[in-house]
Structure formats: C-alpha cells, structure tokens
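**Q** What follows is a predicted structure for the sequence shown.
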Amino acid sequence: MDDGGSTTNLLSPNKGMGVVIGVRIDNPSSQSVHGMDHITTPNEETTSQIPNENESVREKNNETDEDEVQLTRKRKKTSKVWDDFVVVTLRDGKKKAECKHCKSRLAITGSGPTSSYKRHLNSCIPHKQSLKNQQILNFQPSGCDVDFVPPLIGPDTKYDENKMREAIANWILSTEQPFATVEDVMFVKMMKTATPLFEKLSRVTITSDCFKVYEHEKKRLKALTKAASKISLTTDCWKSSHQKIEYMVITAHFKRVLSFVHVPPPRTAVDIADGIYKCLQEWEIKDKIFTISVDNAAYNDKALRRLKETFSPVRKLSCGGRLFHIRCCAHILNLLVKDGLAIIDHIIGDVREGIKYINNSEGRRLNFSKAAHQMQIRDRKLMLDVPTRWNSTLKYAEYEPYFHHLPTDEDWENVQSVCEILKVFKVCTNIISVSDYPTANLYLIEVFRVKQTLDKGSLSTNDFIRDMVKKMKEKFDKYWGECHLVMAIASVLDPRFKMKLVEFCFPTLYQNSDENIKEVKNALYEMYSEYLEMHDTLVRESATHGSEHERNVLGLNEGTSLGSGWEAFGEFIKTADLERPEKSELDMYLEEGVYREKGQTGMESFNALEWWNVHKLKYRVLSLMARDVLAIPISTVASEATFSAGGRVIDPYRASLGSDTVQMLICGGDWIRQVHGVKKKLKEEFPIEVLLPEVNTKFCVSEE
C-alpha cells in the first residue's frame with residue numbers, strides 16, 4: 001500500500017487486469033482495514049462486481065466478509081485534472097476528490113463537472129511548485145554548433161499553434177522543402193510524437209504561412225536598408241531549364257538577396273534596366289545606390305548606361321558616376337582562361353576521353369596501374385579534367401593497343417607550359433571564390449600578377465605559348481586596359497598598401513602609368529570631399545535637432561539659460577566639429593607609413609574592415625568612406641550562387657510554381673538562413689576520381 005495512493009502505468013505488465021487498489025491509512029497503528037477510508041484512482045474504478053473470482057480467493061485465504069473491498073467498474077475519466085486528483089471514500093461512505101499535492105478534498109457531484117477542480121489547481125501552491133521543478137528534455141546532437149534553442153512548449157506555457165506553424169514555415173524556407181512535406185504521414189506522426197496537440201497542416205496553409213514569414217522578414221530587411229548610407233548591388237540573369245523562363249537576381253553588398261524576379265522576353269537592355277529600377281523603388285533605395293556589379297554581357301553594359309543616365313539628373317553619383325558600373329573580375333578571368341585553353345582543346349579532349357576509356361573496364365584500369373607502377377608513380381588514381389600524371393597515360397599505350405586518345409610528345413610539352421601559366425589564374429580565382437563577399441582591396445595585386453605572367457609569356461621562345469598569351473592579352477586589355485578606379489581606391493584604403501601598391505603595380509599594368517596614378521589620386525580626394533560634405537551636413541542637422549529637443553524636454557524658451565556651463569560647452573563643441581582642420585584625414589592617412597602586422601603570412605591574415613572599425617574615432621570621415629568602398633562587390637559570385645538555390649527550388653516536380661512564389665522561396669530562404677546562422681546549400685561539381693587497383697609487384701617485369 002502507498003500512502004498517497006497508486007497510479008496505473010500504461011506500459012506496465014498489469015495493464016488490462018482491471019484492479020489496482022490504493023489505500024490511505026489514517027491510523028498507522030491499526031491492524032485492520034475494516035472501516036478505513038480507501039482510495040481508488042479514477043481510472044481503476046469498475047461498475048460491475050466480480051464475485052466468483054474474488055470469492056474463491058477469499059475462501060482460499062480464509063478471509064472474512066468484513067475484509068471485503070467492493071470493486072466497481074466505471075467509465076474511464078478523460079479529464080486531465082484527474083492526473084492531480086484521486087477519489088477517496090470516507091468512513092461514512094461518501095466519496096471525495098482529494099488533491100494529490102495539498103490533500104484538500106472536494107465534493108464529487110453526480111454529473112461529474114471538473115471546473116471546480118481546475119480552479120483549485122490554479123490556486124494550489126504545491127501544484128505550482130511541482131510544475132516549476134519539472135525538467136524538460138531538450139536533446140542536442142553531439143558536437144552541435146547550433147546555439148541552444150528553448151523548447152516551444154515549456155512547463156508554464158501553453159501549446160501555441162501559431163508559433164509551431166511559424167517554425168515549420170521557417171524550416172520549409174531555409175531547407176527548401178516542398179510544401180507537400182507537411183501532408184506526409186510520417187511528418188505528421190513525428191510532430192504528434194513531439195506534441196500530441198499538433199494538428200495536420202495542408203500545403204495551402206503552409207504556403208500562406210511562408211508568404212507571411214517572407215513579408216515579415218522583408219519589413220525587417222527594409223529597416224536595415226533604411227539605416228544604410230550607401231548600398232552596392234550585384235545582378236545577373238539565369239534561365240530555368242524546367243520552366244524555360246528567365247529570372248534576374250539582385251543582391252546587396254550586406255549578404256542579402258533583394259529580388260529574384262521573372263524577366264519577360266526578349267530581355268533587352270531596357271528590360272534589365274526597368275527590372276533593376278523597379279527593385280530599387282520597391283526597396284526605397286534609389287537615393288543610396290553606390291555601385292552595381294554585372295558580368296560583361298553587352299546588354300548589361302547598355303542597361304547600366306541607361307540607369308546611369310536616369311540617375312544622373314536627379315541625384316549625385318559618386319565621382320561623377322565613374323564608379324557606378326563595375327565589371328565582374330571573376331567573369332573576366334574566366335574569359336582569359338577560356339581563350340588560353342581554346343588552343344589546347346584537342347589535347348584536353350583526348351585526355352578526357354582517354355580517362356573515360358580507362359575507367360570503362362576493370363582490365364584497362366589494371367593495365368594502366370601496371371604502367372604507373374613501372375614508372376614509379378605512387379598515386380593510384382586519375383582525376384577527370386585535371387591535368388596530372390600525363391606520363392602514366394603515355395606509358396599506358398604500351399599495354400593497350402586500342403587506346404587512340406594518346407597525345408603526342410609535343411602536346412605534352414605544350415600542356416605543361418600552359419599549366420604553369422594557369423597556376424597564376426588558379427590562385428586569383430581561389431581568392432575570389434573563397435568567399436561570396438571578398439573585400440575590394442584584394443584584387444589589384446592579383447590583377448598585377450596576371451598581367452606580369454602574360455608579359456612574361458609573350459617573351460617566350462615557344463611559339464605555341466606566345467600565340468596563346470597573345471589572345472589572352474587582347475582580352476585583358478579589352479577589360480582592364482583602362483584604369484580600374486574601384487580596385488585602385490580600395491587598395492589605397494588598405495592600410496598595408498596605401499599609395500605604395502598603386503605606384504608599384506601601375507607601371508606594369510598601364511603604359512601611361514603616371515597619368516593613371518594621378519587619376520586615382522584625384523578620384524580619391526574627390527570622393528573624400530563628398531563624404532566630408534555629407535558628414536558636415538549630418539553634424540549640423542544633429543546639432544540643430546539636438547538643441548531643439550533639449551529645450552523642449554526642459555521646457556525652456558529661446559534665450560532662457562540652463563544656468564550651467566555644460567550648455568555653453570556643448571554649443572562650443574558642436575561649432576568646433578564644423579571647423580575643418582588644416583590637414584585632412586586623407587592627407588594624414590597617406591603620410592603615415594604602411595601598416596605591418598606581426599606574423600603576417602598572406603592576404604587572408606588581415607581584415608581591412610576590422611582595422612577601420614578600430615580606427616574610426618581617429619578617421620571619422622575617412623572610415624565611412626573606407627567602409628563603403630571596401631564593401632563594393634568586384635564580382636557577381638554572390639548573385640550567381642543564388643542560381644544553385646533556384647535550380648533546387650524549381651525542380652522537375654515544381655516547374656508550375658508562379659514567379660511570385662519562386663521569389664518568396666528564394667529570398668525568404670536566404671533571409672531565414674541569415675537570421676538563424678544556417679549555411680546555404682552549395683552545389684559544387686568535383687572532379688571524378690578514377691581509383692586504380694593495386695598491382696602485384698611479383699608479376700611486374702622490370703625494364704632494367
């Protein structure tokens with residue numbers, strides 16, 4: 001017997017036997033149960049007697065009639081209040097509902113309402129204390145990097161259907177799940193296991209919820225764009241293979257996708273310009289556009305020229321609009337490499353087909369592995385489309401007479417020379433691709449290295465290399481033949497470089513280097529003057545509004561003194577801030593020596609934006625200018641990365657999605673991932689590794 005009664009465990013072996021009795025003993029010294037109050041849990045009472053089985057048991061144990069406990073079977077009580085109450089039979093035969101926590105007894109009426117029991121639990125102090133002491137299991141996976149998230153349902157909270165639906169909508173957007181997932185039987189089962197109060201959702205409902213989350217996050221993002229002084233954009237176009245229509249994505253420099261809209265045919269320069277302008281109107285950022293980065297398509301040049309003509313009469317563009325149009329550096333590098341590889345297309349095709357030929361048969365792989373072993377090459381794999389281990393392919397011809405994709409000795413020499421040149425492009429491309437948003441100060445020194453390599457190749461004694469480099473230099477001069485102001489100004493605003501890097505690189509990049517260096521200096525001071533003027537305007541507005549607000553709060557009229565020297569001193573400081581020093585911040589910055597970091601190992605070991613954030617009190621105006629310039633996207637990698645998400649969202653099974661729904665899924669997913677710190681999915685293509693079998697050296701014949 002238990003002092004507080006007993007309860008039934010749904011998973012216990014005795015389930016279904018029908019009798020579990022709890023007895024509460026008022027007098028512990030009593031040796032008889034006759035006349036005691038007995039306690040029967042609500043779920044254990046019965047309505048019909050079981051005389052035969054109980055009588056036989058009593059006869060066997062020689063029990064008297066006075067010791068009999070009558071069991072009745074009643075309808076199972078379903079109210080949750082009975083988890084905290086137990087039915088007690090008093091000595092006079094009356095039944096009461098006793099609280100398990102405070103032992104208070106309440107009357108039981110014939111109709112069995114439970115409202116009085118609920119009111120008692122709301123005021124029962126021991127009951128409230130027991131709820132606080134309960135622990136909630138919220139398992140986190142081992143080694144999980146995600147911050148602890150409190151459960152939606154806690155001991156002192158009620159199930160909130162709206163919060164649950166919002167959480168599901170966030171999950172749908174961030175993980176690019178189909179709307180129909182919420183109707184899946186196992187999804188519903190999983191959610192009901194987590195909380196039995198969960199109600200199944202339809203795809204129509206969750207679609208509506210996703211749109212609400214999208215609109216909510218859009219308002220939050222608009223507040224961010226409103227606070228920004230200048231915004232730089234990237235844009236690119238993409239054609240959905242499943243819908244056969246084209247989309248344009250617009251991405252801001254602060255890592256947010258602003259728009260993913262359908263561009264109707266014929267997608268002319270006017271259509272592109274109109275699409276960008278509508279996006280700027282929708283986000284209310286027409287007056288804040290600093291630069292727009294695009295690839296080198298002809299329609300983009302015309303579209304940016306049209307936008308520049310639209311903006312120039314109504315608002316002032318920085319440096320007279322010379323920084324407005326940014327060409328994608330990554331696209332230019334790809335064009336250079338494409339022209340360089342075009343001359344060895346036939347060799348690349350032979351090698352590619354040769355590796356496929358080897359991989360199609362186990363015997364061919366074994367023979368090739370023997371050839372690699374004879375040449376003492378340790379690696380046991382080939383990389384498709386990666387120019388490595390060419391000598392193994394050469395030796396392979398002795399084992400496979402039907403191998404017809406063998407390049408000549410001269411071809412191998414040419415390929416090796418090309419690879420030496422392309423290594424430089426690989427380093428530059430890695431810097432661009434290492435992050436979606438590399439700062440603009442990283443590019444000038446890499447472009448210099450590319451030009452230096454091309455100049456060296458043009459002096460090669462190998463006619464093949466000279467012809468290849470000639471084509472690459474033509475493309476280089478087409479896009480980088482003129483002074484690239486953004487790259488130059490950004491490098492000057494890197495405290496490790498200042499004007500020294502421009503003076504070092506420009507003689508190699510340009511024939512008229514002195515004129516281009518002078519142009520960079522003029523643009524630098526012109527931009528600084530613009531920022532200084534904006535800073536003075538903000539200071540004057542702040543001083544005026546601050547004085548008016550101060551007097552309104554204190555209830556003072558004009559001419560009324562605060563009776564303190566602080567007011568006079570405050571007015572003096574506001575006036576002093578408007579006085580420009582004899583030497584500008586830009587002059588002081590350039591006159592100081594370059595910054596040298598201890599233990600500096602390369603470009604990646606220094607963050608220019610962090611340096612300016614530390615020195616913003618010293619350079620109040622120049623730090624604002626550096627912040628905006630360094631954040632300019634020099635490539636459209638950020639926009640192009642969005643297309644991989646578009647390919648996953650618009651798959652063959654969702655080709656009927658409307659353009660508004662596609663924009664909601666792409667933009668909303670990007671915003672939710674940023675809010676929760678979730679990395680987006682990357683669609684990368686890796687080289688195919690052809691693993692070669694191990695060779696039994698016992699049967700390999702030496703060439704010696």
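**A** Thanks, I have the structure now. All values reported here derive from a predicted model rather than from experimental measurement.

**Q** Give me the residues contacting stretch 450-470.
**A** For stretch 450-470, the external contacting residues (CB atoms under 8 Å, 6 or more residues apart in numbering) are 333, 336, 340, 343-344, 414, 417-418, 421, 424-425, 428, 472-473, 476, 480, 508-509. Glycine gets a C-beta too; all of them are placed from N, C-alpha and C.

**Q** same thing but at 7 Å, please
**A** Stretch 450-470 has contacts (CB atoms under 7 Å, 6 or more residues apart in numbering) with 340, 343, 414, 417-418, 421, 424-425, 428, 472-473, 476, 508-509.

**Q** What of stretch 519-531?
**A** Stretch 519-531 is contacted from outside by 318-319, 322, 483, 485, 488-489, 492, 502, 584, 586, 621-622, 624-625, using CB under 7 Å, 6+ apart.

**Q** Can I have the buried ones of these as a PyMOL selection?
**A** PyMOL command restricting the contacts of stretch 519-531 to the buried ones, with burial defined by 16 or more other CB atoms under 10 Å:
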select buried, resi 318+319+483+485+488+489+492+502+584+586+621+622+624+625
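
**Q** Where is pLDDT lowest across the contacts of stretch 519-531?
**A** Among the contacts of stretch 519-531, Cys483 carries the weakest pLDDT, at 82.

**Q** where does it land in three-state SS?
**A** The three-state label given to Cys483 by DSSP: H, G, I helix; E, B strand; the rest coil is coil.

**Q** dump the residue contacts of it.
**A** Counted by CB under 7 Å, 6+ apart, Cys483 has contacts 510, 516, 519-520.

**Q** repeat for Phe85
**A** 97-100, 117.

**Q** so of these, which ones are in helices?
**A** Tyr117 (DSSP state H).

**Q** Please identify the one among the contacts of Phe85 that lies nearest to Trp611.
**A** Lowest distance from Trp611 to the contacts of Phe85 (CB to CB) belongs to Lys100, with 65.3 Å.

**Q** For the closest one, which non-adjacent residue is spatially closest?
**A** Asp84 (5.5 Å; CB to CB, 6 or more residues apart in numbering).

**Q** Could you do Glu597 as well?
**A** The shortest distance from Glu597 to any non-neighbouring residue, by CB to CB, 6+ apart, is to Phe606 (5.8 Å).

**Q** and the one you found, how many neighbours does it have?
**A** Using other CB atoms under 10 Å, Phe606 is surrounded by 17 other residues.

**Q** tell me the helices in the stretch 401-550 of the chain, going along the chain?
**A** Under the criterion DSSP state H, counting those that start in this stretch, helices of the stretch 401-550 of the chain are mapped to 409-433, 444-458, 463-480, 485-492, 499-509, 513-554.

**Q** Most neighbours of all the contacts of Phe85, which one?
**A** Of these, with other CB under 10 Å as the count, Ala97 tops at 23 neighbours.

**Q** still on that earlier bit, so what does the residue nearest to Lys100 have for phi and psi?
**A** phi -110, psi 0 (degrees, to the nearest 10).

**Q** Return the distance of it relative to Lys128.
**A** Taking CB to CB, to the nearest Å as the measure, Asp84 falls 11 Å from Lys128.

**Q** okay, the helices of the stretch 401-550 of the chain in a markdown table with distance to Met186 next?
**A** Shown next, in a markdown table, are those (distance: least, CB to CB, whole Å):
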| stretch | distance to Met186 |
| --- | --- |
| helix 409-433 | 39 |
| helix 444-458 | 51 |
| helix 463-480 | 54 |
| helix 485-492 | 52 |
| helix 499-509 | 59 |
| helix 513-554 | 57 |
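
**Q** Tell me which of these sits most buried.
**A** helix 485-492 (a mean of 25; mean count of other CB atoms under 10 Å).

**Q** Now do it: which elements does it pack against?
**A** helix 444-458, helix 499-509, helix 513-554, helix 620-630 (3 or more CB pairs under 7 Å, 6 or more residues apart in numbering; DSSP states H and E).

**Q** Which other helices and strands does the second one contact?
**A** Contacts defined by 3+ CB pairs under 7 Å, 6+ apart place helix 499-509 against helix 444-458, helix 485-492, helix 513-554.

**Q** On the pLDDT front, check the closest residue in space to Leu493 that isn't next to it in sequence for me.
**A** Leaving out its chain neighbours, the residue that sits closest to Leu493 by CB to CB, 6+ apart is Ala626, at 4.3 Å. Looking at Ala626, its pLDDT is 94.

**Q** how near is Ala626 to Lys518?
**A** Distance, Ala626 to Lys518, by CB to CB: 21 Å.

**Q** Buried residues of stretch 653-662, list them for me.
**A** 654, 657, 661-662.

**Q** Endpoints of it, how far apart?
**A** One end of stretch 653-662 to the other measures 13 Å (CA to CA, to the nearest Å).

**Q** Doesn't Asp92 belong to a strand?
**A** No. Counting by three-state DSSP, Asp92 is not found in a strand; it is coil.

**Q** Look at it and report its pLDDT.
**A** pLDDT, read off for Asp92, is 85.

**Q** Counting neighbours, what do you get for it?
**A** 6.

**Q** returning to what we had before: just curious, which of the contacts of stretch 519-531 is nearest to Ile285?
**A** Ile285 lies nearest to Ser318 out of these, by CB to CB, at 14.9 Å.

**Q** Let me see the contact set for that closest one.
**A** 290, 527, 530.

**Q** make it 6 Å
**A** Met527 (CB atoms under 6 Å, 6 or more residues apart in numbering).

**Q** Can you pick out the ones from the buried residues of stretch 653-662 that are in helices?
**A** Going by DSSP H, the helices hold 661-662 from the buried residues of stretch 653-662.

**Q** will you turn the buried residues of stretch 653-662 into TSV that also has distance to Gln243?
**A** Formatted as TSV, these follow (distance: CB to CB, whole Å):
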residue	distance to Gln243
Arg654	9
Leu657	8
Thr661	12
Val662	8
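
**Q** In this structure Ser79 contacts Ser116, no?
**A** No. The pair Ser79 / Ser116 is not scored as a contact, 11.8 Å apart, by CB atoms under 6 Å.

**Q** Compare the helices and strands packed on helix 499-509 and give me the one nearest Gly354.
**A** Among the helices and strands packed on helix 499-509, the nearest to Gly354 by CB to CB is helix 444-458 (27.1 Å).

**Q** Distance from the closest one to the middle of the chain?
**A** Relative to its chain's centre, helix 444-458 lies at 35 Å (CA atoms, centre = their mean, to the nearest Å).

**Q** can you give me the angle that helix makes with helix 499-509?
**A** 30 degrees (axes from the mean of the first three to the mean of the last three CA atoms, to 10 degrees).

**Q** pLDDT below threshold where in the stretch 401-550 of the chain?
**A** Where the stretch 401-550 of the chain drops to pLDDT under 70, the residues are 401-405, 433-437, 542-550.

**Q** Check which helices and strands the helix or strand containing Lys218 sits against.
**A** Per DSSP states H and E: Lys218 is located in helix 203-227. When contacts are defined as 3 or more CB pairs under 6 Å, 6 or more residues apart in numbering; DSSP states H and E, helix 203-227 packs onto helix 161-175, helix 659-676.

**Q** got the angle between that helix and helix 161-175?
**A** 80 degrees.

**Q** if we can go back for a sec, among the buried residues of stretch 653-662, which one sits closest to Asp301?
**A** Once CB to CB is applied, the member of the buried residues of stretch 653-662 that ends up nearest Asp301 is Val662, at 27.4 Å.

**Q** check contacts around that closest one.
**A** Listed by CB under 6 Å, 6+ apart, the contact set of Val662 is empty.

**Q** So it versus Tyr277, what's the distance?
**A** Using CB to CB, we find Val662 at a distance of 21 Å from Tyr277.

**Q** And for Asp514?
**A** Distance from Asp514 to Tyr277, by CB to CB: 39 Å.

**Q** Phe260 too?
**A** From Phe260 to Tyr277 the distance is 16 Å (CB to CB).

**Q** who has more neighbours, these two?
**A** Phe260 (26 against 16).

**Q** Kindly state the beta-bridge partners for the more buried one.
**A** Val249 (DSSP bridges).

**Q** Strand partners (parallel or antiparallel) of the lengthiest strand in the chain?
**A** Looking across the chain with DSSP state E, the single longest strand is strand 231-239. Strand pairing for strand 231-239, determined by DSSP bridges: strand 246-252 (antiparallel), strand 289-294 (parallel).
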